[in-house]
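> 3D, please:
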Amino acid sequence: MKKYSFIVLLAIIFSNLYAQEKTGKEESPISISCDLMSRYIWRGSDFGASPCIQPGIEYRKSGFKAGAWGAYAVKFQGYQESDLYLGYTFYKEMFTVMITDYYFQNYLLNQNYFNYKKETTGHVFEASLTFNGTEKFPLSAVIATNVYGADAKKINDDGTTGENQFSTYAELTYSFKYFDAFMGANLTHVDLNKGETGYYGNYLGVVNLGITATKKIKITTDYKLPLTLSVITNPQAEKIYFVAGFSF
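Here you go, the predicted structure:
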C-alpha cells in the first residue's frame with residue numbers, strides 16, 4: 001500500500017483542512033485556475049511543442065498549501081503532465097519548503113500512474129527551498145533537487161546504469177516595476193565520457209534566462225483578464241521562445 005501513501009496523505013490533509021473551515025463570508029482557502037499558454041516552457045525546456053492547457057487547484061491554510069497542477073498539450077505529443085505538491089511557508093512568509101510529485105505520463109507506453117518503482121516509474125519527486133523575497137527586496141531564489149524517481153541516471157565505470165544523479169536546479173528572479181527578470185541554472189555535473197546525459201542540461205551553467213511581463217486586459221467593469229508575455233532563452237540548448245498566455 002506504500003505506493004498510494006502520497007495520494008492518501010493529500011486526501012487526508014484536504015479533508016481535515018476543509019472540516020476546520022468556518023462558516024460566513026470568509027475568503028475560501030481553495031483557489032482554482034486555468035492558464036491557456038501558447039507553449040509550455042519549463043526551466044528552459046520545451047514540453048509538447050504545442051499550445052497548452054494548464055489547470056490547477058490549491059488549498060492554503062496557515063502557511064500550508066497543497067495542490068494539484070497539470071499541463072496538457074493541445075497538439076498531442078505523447079507526454080502530458082500531472083503534478084501533486086505539498087508546501088509550507090514560514091518566517092514572515094519569506095521562505096517556502098515544498099515536495100512536488102511530477103508525473104510525466106507517456107501515453108504511447110501505457111504507463112501505470114501507481115507504479116513507484118524507481119527503475120520504471122514516471123514520477124519524479126523533488127524537494128525545494130524558496131526565498132520569496134520582500135517588498136523592499138524583490139529578489140526570489142529557489143533551489144530544487146530530484147530526490148527519487150525518473151531522474152537522469154549515472155553511468156558506472158563498467159557501463160551499466162547507476163543511481164540517480166539527484167539533478168539540481170537553481171533560479172533567481174528579480175521583480176522590476178513592469179516586468180520580472182529570471183535566470184536559472186543546471187547545477188549537476190554530467191560525465192559525458194561515460195555517456196551520461198543531464199536532466200536539465202549536459203553542462204553546468206545557465207539553462208533558463210529571460211523576462212516576463214503581465215498586463216490586465218479589461219473585459220467588464222469588474223473583471224480584467226491577465227495576459228502574460230515571456231521571452232525565454234536556453235543558452236546551453238541555443239534556443240529562444242516567445243510565449244503568451246491568459247490566466248483565468
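
> what average pLDDT does stretch 32-45 get?
The average pLDDT within stretch 32-45 is 96.

> please enumerate residues in contact with it?
46-58, 71, 73, 169, 171, 184, 200-201, 207-209, 230, 232-234, 236-237, 239, 241, 243-248 (C-beta atoms under 8 Å, 6 or more residues apart in numbering). From N, CA and C alone the C-beta is placed, and that goes for glycine too.

> could you rerun that using 6 Å?
Residues from elsewhere that reach stretch 32-45 (C-beta atoms under 6 Å, 6 or more residues apart in numbering): 47-48, 51-52, 54-57, 71, 169, 184, 207-208, 232, 234, 241, 243-248.

> next up, phi/psi of residue 108, please.
Here is the backbone geometry of residue 108 (degrees, to the nearest 10): phi -70, psi -20.

> burial count for it?
Applying other C-beta atoms under 10 Å, we find 10 residues neighbouring residue 108.

> next: residue 98.
Neighbours around residue 98, by other C-beta under 10 Å: 17.

> which residues sit in contact with it?
85, 87, 128.

> quick one: pLDDT of it?
98.

> can you tell me the helix or strand for the nearest residue to it once chain neighbours are set aside?
Spatial nearest neighbour of residue 98, excluding adjacent residues (C-beta to C-beta, 6 or more residues apart in numbering): residue 87 at 3.7 Å. Element membership for residue 87, per DSSP states H and E: strand 79-90.

> partner strands of the biggest strand by length in the chain and their direction?
Using DSSP state E to define each element, the chain has its longest strand at strand 205-218. Under the criterion DSSP bridges, strand 205-218 sits next to strand 180-186 (antiparallel), strand 224-234 (antiparallel) in its sheet.

> burial measure for residue 126, as a count.
21.

> what are the bridge partners for it, then?
residue 100, residue 146.

> so it makes contact with residue 100?
Yes. Taking C-beta atoms under 6 Å as the definition, residue 126 is a contact partner of residue 100 at 4.7 Å.

> and the residue of the chain positioned farthest from its centre, which helix or strand is it part of?
Among residues of the chain, the one most distant from the C-alpha centroid is residue 158; the distance is 34.6 Å, by C-alpha atoms, centre = their mean. Under DSSP H and E, no helix or strand contains residue 158.

> ok, it to residue 164 distance?
Applying C-beta to C-beta, to the nearest Å, the value for residue 158 to residue 164 is 18 Å.

> picking up where we left off before, got a list of what the residue nearest to residue 98 touches?
By C-beta under 6 Å, 6+ apart, the neighbours of residue 87 are 65, 96, 98.

> those in helices, which ones?
Applying DSSP state H to the contacts of residue 87, no entry is found in helices.

> deepest-packed of the strands paired with strand 205-218, please.
Mean neighbours per residue, mean count of other C-beta atoms under 10 Å, is largest over those for strand 180-186, with a mean of 19.

> these two touch, right, residue 150 and residue 124?
Yes. Using C-beta under 6 Å, residue 150 is in contact with residue 124, at 5.1 Å.

> where does the chain have its least confident helix or strand?
Least confident helix or strand of the chain, by mean pLDDT, DSSP states H and E, is helix 5-19 with a mean of 48.
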